[in-house]
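Student: give the three-dimensional model of this entry:
(chains A, B and C)
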Amino acid sequence: MLGFLLRRLGWFVITSWVVITVSFFLMRKVPGGPFSGERNLTPEIEANINAKYHLDWPTWKQYLHYLGPLNLDERGLFGDRSKPFGGVLTGDLGPSYKMRDFTVNDVIAQSLPISVMLGLVALMWALALGISAGLVSALRPRTGLDLTMRLAATAGIALPNFVIAAFLIILFVFLIPLFPVAGWGTLKHMLLPGFALGAPRAAYIARLTRTGMLEVLSQDYIRTAVAKGLPNRLVLMRHALKGGLLPVVSYLGPMTAWILTGSLVIEKIFRIPGTGSHFVNAALNRDYTLAMGVTILFTVLVYGMNTLVDLAYTFLDPRIKLEES
Amino acid sequence: MNRAWKGPLLRQAVALLLFAGLLAGLVGVAGSARLERADFVFNNTGEVQSLDPATVTGVPEGRILRGIYEGLCVKDPVTVRPLPGSAASWTKSPDGRVFVFDMRDEARWSNGDPVTAHDFEFSFRRFLLPETAAEYSYLLWKVVNAQAFCTGKDADGTEREVDWSEVGIKALDADTLRIELEDPVPYFLELMAFYPLFPVHRASLEAAQREFPDTWNVEWLKPERLVCNGPYVVEERRINDRIRLRKNPMYWDAKNVALDTIDALPIEHWGTSVNMYLTGEVDWLDGSIPPNLVPELLKRQDFIPKPYLGSYFYRVNVTKPPLDDKRIRKALSLVIPRRAIVENVTKAGQAPTWSVVPWKELDPENPPLEGEAAAEEARRLFAEAGYGPGGKPFPVIEVLYNTSETHRDVAEVIADAWQRELGVDMRLKNQEWKVYLDSQTNLEYEVCRAAWIGDWVDPGPLNFLSLFVTGGANNKTGWGNAEYDRLIAEIGLEQDPAKLEQLMLDAEAILLEEYPVLPIYSYVTQNLIKPRFGGLHGNMLNEHFPKFWYWMDDEELAEKLADLPPDLQEVPPGGPSGGKYAPVGRARQIGRN
Amino acid sequence: MDPSGRWNLHVRDEERLLAEAAEYRGESLWQDAWRRLKRDRTAFWSMIFLAVFVALSLFAPLLPLPSPIALDLKAEPQPPVWTELGNRGFDYTFETDDDYKLAYWDLYWHDKRLVDVRKAVFGDWQTGRWFGTDSKGRDLLSRIVWGSRTSIWVAFAATLCSLVIGVTYGAFSGLIGGRVDNLMMRIVDVLYSIPFIFVVIFILTFLSEPRQDLETESLVDKGWVFFIVIGAIYWLTMARVVRGQVLSLKNSEFIEAARAVGASTARILFVHVVPNVLSVVIVYLTLTIPAIMLFEAFLSFLGLGIEPPKVSWGLLAVDGTDAINPIRTFWWLVVFPAGAMGSTLLALNFLGDGLRDALDPKLRGKH
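Tutor: Reported below is the predicted structural model:
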């Protein structure tokens, strides 16, 4: 167990390093910079700005400076005699280029809890809808109930989420005024965006649950249990569910990371100050440090969640050993 | 059996408890963050880059900074001409080169310190320092030696080290600021009311530098530390959520400030913004209204577009044949269906324009060609240049625009007209904003969508004409004309308004002859604002000043509505029915409508 | 998939045995699957529905639809009219190549021929405003049908691309195992974490350069290249799924049996592993196609999608959402495009479920 975790950590370091490096150079290759705008700057002012933000350095030097902890400049990343920027290795993601009154660490610290909360609501929607639809269609296939549940669960991947969100708002805000139109703060604010964010995942979960259940129900040990005369409900609850939900668990890892980092569209439409919008906006604004910051955050989340999932596997299925993953 | 039961159950219970605890904690965190609604809430359309006036450039930033700082001058909310601000008065030398500002004695920072001429000298020096890297620093380059101080080079390119003592900005004493210019700048006072030239508080900045030697450049702008001299101070700031402004009790004119709190929400999505306006969660939103809604909104009392000093045009890359031929460019301009565009695409009352200077009145004796006559003339020009039926094949022309629905719609209509009337094979090319800017600057386009908004009203045309000097940073067409450059340079030196006007007309005439840009329409402001709200006027710059904002009571509201056309649809007026006025009462509002 | 009961271990002729086994499985797996698929009514009708849609989009130039790009500027989108079946408004003549561009855009030569046939059969006749018009007076029905070409075929091409890369990569990784497998999966981890938006912008700008050269050849256009590259991004999950399946197969009894009788690695891969992986792959495919269609819509939402005058469902959906708001709703702008997209994706999902059941060896012989 400890060995497994250590090995994972080793891979994590390597993976993050590769991700940081590739993203860093990819970003600089994309045309436009953080300070290009509708009004072009005169070359002299551009030179001042580039000098201040070290954009006049060769990319490799900027990269080393960003990575840290070697400090290549006594003026710090943002000049002005401020702190020599520590670099990613010291846990300092640097100041944001676009939201200049905040560091990237600030931005993430402010937005991540909100995303986590929205993510939990979305996760609950997705699991509730997905698992029940999956179970129904595995156990009562081709009934009216099955069709209804499947339709409900599949709607999420049949329409783009901005369409779903627009429908939800018209329905539940204007026609039947149940929820606030947008914003943040109470559980009521979270239900609609949580649903819109969770719905597409529900379809996948339904599919996985159904597959997993069908698989398990055809296993010998279930047959044995039924043959033994155990009531169907008991077989289902005690034996089948555990194995049947395995695929769902493995999907939970990446899904949680995706949901936690939110969705630009949902955050935009429901005006939620989460992390998701930074992913796209930082890229569109060429806010290099922020874009790198959220990329690193995402890597950590995906990796952490996958490790958790692998651990959870061993609890759910004793046949699986950690070494294999 | 028993043990087997216990294990998973216990585990499940623990997991469940953990989950519930996490959720409860988060609900607590988010719940505690909830704020009461402010007196006035508006959509600021985007996250503010910084509260440091020296380094910001955008419209959302301007909206906030005009609330929390006050420059030497302020602007009249209706005419947008300069009025006394932190300076109570000023004198201008006869040659227009020296300004002496007399500071307002009662002006105070939000911590009680007096606002002095030294504060402005410090702020202007900071604005020009190369380390500050202010994007707008060129605004002060006409000050003696300022350009060399800022860039290490004079205007003619000779390198020169300049000490601050040689720059023409001096606080003669705490009460008097003297600024000396190399050449007269007709709009200099308007610059003094422009947000990049707002002052910063030296003592608090330096205190933050001492206290946070590492991170002061973020720390000094934190709401709890930021010292302002405007009618409002920043009370709370959350990324992508809101900026909460609170009335500054130390402001010298606080008795004329009505609202206690203002919220600025950075809503990017138009649908959300309109929805929040309709449910009353937002009181004012500006711009980005989808064209499909505009006809419906025009019927309402709360949407009254007004002329805006902005111009929408297409740049032409004159370095790419056959677009280097001005007959071709003229022909392209002739067949642009301007009226169809403003009537059926943008719809909000934008005016078709044939000059890059917006809101230019058409010469009634000599109206521009339109419709079939224009198309025929265009085909004639095409034939003259050797293209068209029987002529050389015309190469594919690509219209570049940045990602946005309105730009796409306009481009589709124009491309369609060019294809139909002139048989030009058109392609549309959509680029993401930053890539689009890059292509434009590097002249990697053939025709591209562009727009320009003026920064000052007087002289208005200069905002637009000065763009197209040879090699200008915002020319971006490759076009240049020596005579034109000479005229623009002369405008800078001219003091006589009548001659100034003539010079500008001459320069404009060259543009109209050469077509480096194809003008399309003049902008209108698109403010959707609750009828009860007062003090927010649709001016030419669409700049609004929180100092003058207030809520009308029922009586004043009724008077205002009586002045509107009677067939407009009634809408909820918003705000408190008793109104919300400044301590001095109702009578004082500047330019009340 | 447990044929052990039928194997006679005393038989010496291994080759013959293997050939028989392969033949036996191949035949009956697909036949059986088809039989069961037909029984699953939801899945079967979904398939018919999809087939009709694909055919419609393939033969769109043949249909007497108005031009999808002809502008008719009015202040407002026009609502559907169901009283008029059609009119004689299609007054284009197609003589030179440029003529096609007035009514459509750059078409492939076979599409131009289809347009010619349409003109010969229907003449000027075109359908009326059955689905209403959009904000610039273009016929919505025509735009949906022509948009389906972009969406369906883009999704198809991208999925195919993700399929090829993902299956090869996943199967290889799973089969080799050990260090190589580990390394290959870590590479997938890295790719997962790189922000897609940069990749997309990078590809778009990278593609915009040689674009003109490409298009003069008229065979490859940017949209296709772009979405094939998107498909190349989507192979990651496919690779994981395939690897997982291969890993579990690798240790299964029948592979061991095949190895015991001396079959080569390539043979095991293509004869035993691939068919077994197929069921997973097909099911995953029916999830990938919708995902790519939605991704195209998301790119359109960001404004990075297909370029006008061409049209896609994603673009129509984005335009449509602007039309739902409390002030004024142009319902047809959202209902029809969303309906087309939603029904296609739902059908794909039902088909996927059906296929999964049909291909599941454990359910064989049931129903």
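Student: so residue B:186 is in which element?
Tutor: Using DSSP states H and E, residue B:186 sits in no helix or strand.
Student: right, I mislabeled it, should have said residue C:157
Tutor: helix C:140-176.
Student: ok, that helix near chain B or not?
Tutor: No: contact of helix C:140-176 with chain B (CB under 8 Å from any CB of the partner chain) is absent, the minimum separation being 12.6 Å. Bear in mind the C-beta positions are built from the backbone N, C-alpha and C, glycine included.
Student: which elements pack onto that helix?
Tutor: helix C:41-58, helix C:178-193, helix C:222-233, helix C:235-250, helix C:274-302, helix C:313-323, helix C:331-359 (3 or more CB pairs under 8 Å, 6 or more residues apart in numbering or on different chains; DSSP states H and E).
Student: just the buried residues of the second one, please?
Tutor: By that I understand helix C:178-193. C:181, C:184-185, C:187-193 (16 or more other CB atoms under 10 Å in any protein chain shown).
Student: run the chain-centre distance for it.
Tutor: Relative to the centre of its chain, helix C:178-193 is centred 27 Å away, using CA atoms, centre = their mean, to the nearest Å.
Student: what's the burial count for residue 38?
Tutor: In the absence of a named chain, this looks at chain A. The tally of other residues near residue A:38 (other CB atoms under 10 Å in any protein chain shown) stands at 16.
Student: actually, chain C is the one I wanted.
Tutor: Neighbours of residue C:38 (other CB under 10 Å): 13.
Student: can you pull the contacts of it?
Tutor: By CB atoms under 8 Å, 6 or more residues apart in numbering or on different chains, the contact set of residue C:38 is residue C:44.
Student: where does it fall, secondary structure wise?
Tutor: Taking DSSP H and E as the definition, residue C:38 sits inside helix C:14-39.
Student: can you give me the mean pLDDT across that helix?
Tutor: Here helix C:14-39 scores 66 as its mean pLDDT.
Student: how about the residues of chain C that lie near chain B?
Tutor: Going by CB under 8 Å from any CB, the residues of chain C near chain B are C:69, C:71, C:73-77, C:98, C:101-102, C:135-136, C:201, C:204-205, C:208, C:212, C:302-304, C:307-309, C:319, C:321-323, C:325-328, C:330.
Student: residues contacting the nearest residue to residue A:137 once chain neighbours are set aside?
Tutor: Closest residue in space to residue A:137, ignoring its immediate chain neighbours: residue A:146 at 4.6 Å, by CB to CB, 6 or more residues apart in numbering or on different chains. Applying CB under 8 Å, 6+ apart to residue A:146 gives the contacts A:136-137, A:140.
Student: after the helix or strand bottoming out on mean pLDDT in chain B, which helix or strand is next?
Tutor: Ranking every helix and strand in chain B by mean pLDDT, DSSP states H and E puts helix B:2-32 at the bottom, with a mean of 58. Where DSSP H and E defines the elements, the next helix or strand beyond helix B:2-32 is strand B:40-43.
Student: quick one: contacts of whichever helix or strand comes after that next one?
Tutor: Downstream of strand B:40-43, the next assigned helix or strand under DSSP H and E is helix B:59-68. Applying CB under 8 Å, 6+ apart, the external contacts of helix B:59-68 come out as B:42, B:44-51, B:53, B:56, B:195, B:198, B:226, B:228, B:230-234, B:243, B:245, B:248, B:262, B:264, B:266, B:543-547.
Student: name the residues that touch the next helix or strand after helix B:59-68?
Tutor: Following helix B:59-68 in sequence order, the next helix or strand is strand B:73-75 (DSSP H and E). Applying CB under 8 Å, 6+ apart, the contact partners of strand B:73-75 are B:81-85, B:87, B:189-190, B:192-193, B:541, B:543, B:545, B:547.
Student: picking up where we left off before, for the helices and strands packed on helix C:140-176, which has the smallest mean pLDDT value?
Tutor: Minimum mean pLDDT among these: helix C:222-233, a mean of 69.
Student: what residues are up against residue 133?
Tutor: Just going to use chain A. With contact taken as CB under 8 Å, 6+ apart, residue A:133 is in contact with A:149-150, A:152-153, A:202, A:206, A:209-210.
Student: let's do chain C instead
Tutor: Applying CB under 8 Å, 6+ apart, the residues contacting residue C:133 are C:72, C:74, C:77-78, C:139-140.
Student: what's the burial count for the closest residue to it other than its chain neighbours?
Tutor: Distance criterion CB to CB, 6+ apart; nearest residue to residue C:133, sequence neighbours excluded, is residue C:78 at 4.4 Å. Neighbour count for residue C:78, taken as other CB under 10 Å: 17.
Student: ok so, going back, just the buried residues of the contacts of residue C:133.
Tutor: Buried, going by 16+ other CB under 10 Å: C:77-78, C:139-140, out of the contacts of residue C:133.
Student: returning to that earlier point: and chain A, which of the contacts of helix B:59-68 reach it?
Tutor: For chain A, the contacts drawn from those by CB under 8 Å from any CB are B:47, B:49-51.
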